[in-house]
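*Asks:* sequence? don't have it. structure:
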């Protein structure tokens, strides 16, 4: 069974400098570049850096106590991932959100997850996995209409539900691909899952997928999974508008 990569970025700044050892020298560029990349990627995908924000090399070098080499490597990688625009003689800017690109990510997610449930329908699920999944989602079918909703917590639970099936299948490449898609779509999910009604609906959709897989009904599992993913996908434009508004309010 494949092990999940850590999604959290390691702290940088002073801690990055202290991690170089007792000599107090700067960390090697090869060590710092991946750390800087993970932190900047997390900030962009979490909308801490709103679209259009300038990422200056000098300020990043000072923040991460790094030379220009690892900073440039991190920015180049972000550009390759489509998260920043590199403007000649000006530097890098956080890329504007792309509705078409978001829908393409949903296409990828749907293709991966439909494959996963189709395969699981033929091989079955472990009883302990089924029991744990039911225990998590069945209580939410009866959530009160006035219950407080923690969007971030529910997003983590939702991601865990979908990744759980991929881990049951045990395909490391699919797990890694879904983790990457999850990071890129997290802000959409967090805006969508904001009401008890949507939480209740999500729980019902999840349990429908689970029930179909327990019965080894591949067609029903694919239909239920498509319905669940489409429910979030249909709100992409609303989620983008809300995320942009929130990001600029924080500036």
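*Replies:* Thanks, I have the structure now. Fair warning: this is a prediction, and the values are worked out from it, not measured in the lab. Residues are numbered from 1 along each chain as shown.
*Asks:* ranges for the helices of this protein?
*Replies:* Ranges of helices in the chain, per DSSP state H, are 14-18, 29-45, 57-64, 68-80, 99-123, 127-137, 151-169, 172-192, 196-214, 218-233, 236-249.
*Asks:* Residue 143 is nearest to which of these?
*Replies:* Across the helices of the chain, residue 143 has its closest neighbour in helix 196-214 (4.8 Å, Cβ to Cβ). Just so you know, the C-beta spots here come from the backbone N, C-alpha and C atoms, and that holds for glycine as well.
*Asks:* what's that closest one packed up against?
*Replies:* Under the contact definition 3 or more Cβ pairs under 8 Å, 6 or more residues apart in numbering; DSSP states H and E, helix 196-214 sits against helix 99-123, helix 127-137, helix 151-169, helix 218-233.
*Asks:* tell me the mean pLDDT over it?
*Replies:* Mean pLDDT, helix 196-214: 95.
*Asks:* Stretch 82-98 too?
*Replies:* 88.
*Asks:* which residues sit against that stretch?
*Replies:* 41, 44-45, 49-57, 75-76, 78-79, 101, 240, 243-244 (Cβ atoms under 8 Å, 6 or more residues apart in numbering).
*Asks:* show me what contacts the residue nearest to residue 151 when sequence neighbours are not counted?
*Replies:* In space, and not counting its chain neighbours, residue 151 is closest to residue 190: 4.6 Å by Cβ to Cβ, 6 or more residues apart in numbering. If a contact means Cβ under 8 Å, 6+ apart, then residue 190 has 151-152, 155 as its contacts.
*Asks:* Now, of those, which are buried?
*Replies:* For the contacts of residue 190, a neighbour count by 16 or more other Cβ atoms under 10 Å gives the buried set as residue 155.
*Asks:* Residue 62: which of the contacts of residue 190 is nearest?
*Replies:* residue 152 (30.0 Å).
*Asks:* pLDDT at the closest one, what is it?
*Replies:* 80.
*Asks:* ditto for residue 249
*Replies:* For residue 249, the model assigns a pLDDT of 66.
*Asks:* sorry, back to before: please tabulate the contacts of residue 190 in CSV and include distance to residue 163 as additional columns.
*Replies:* Listed next are the contacts of residue 190 as CSV, based on distance: Cβ to Cβ, whole Å:
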residue, distance to residue 163
151, 18
152, 16
155, 12
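*Asks:* Just the closest of the contacts of residue 190 to residue 128, please.
*Replies:* residue 155 (24.5 Å).
*Asks:* Would you confirm that the closest one contacts residue 189?
*Replies:* Yes. With contact defined as Cβ atoms under 8 Å, residue 155 reaches residue 189; the gap is 4.7 Å.
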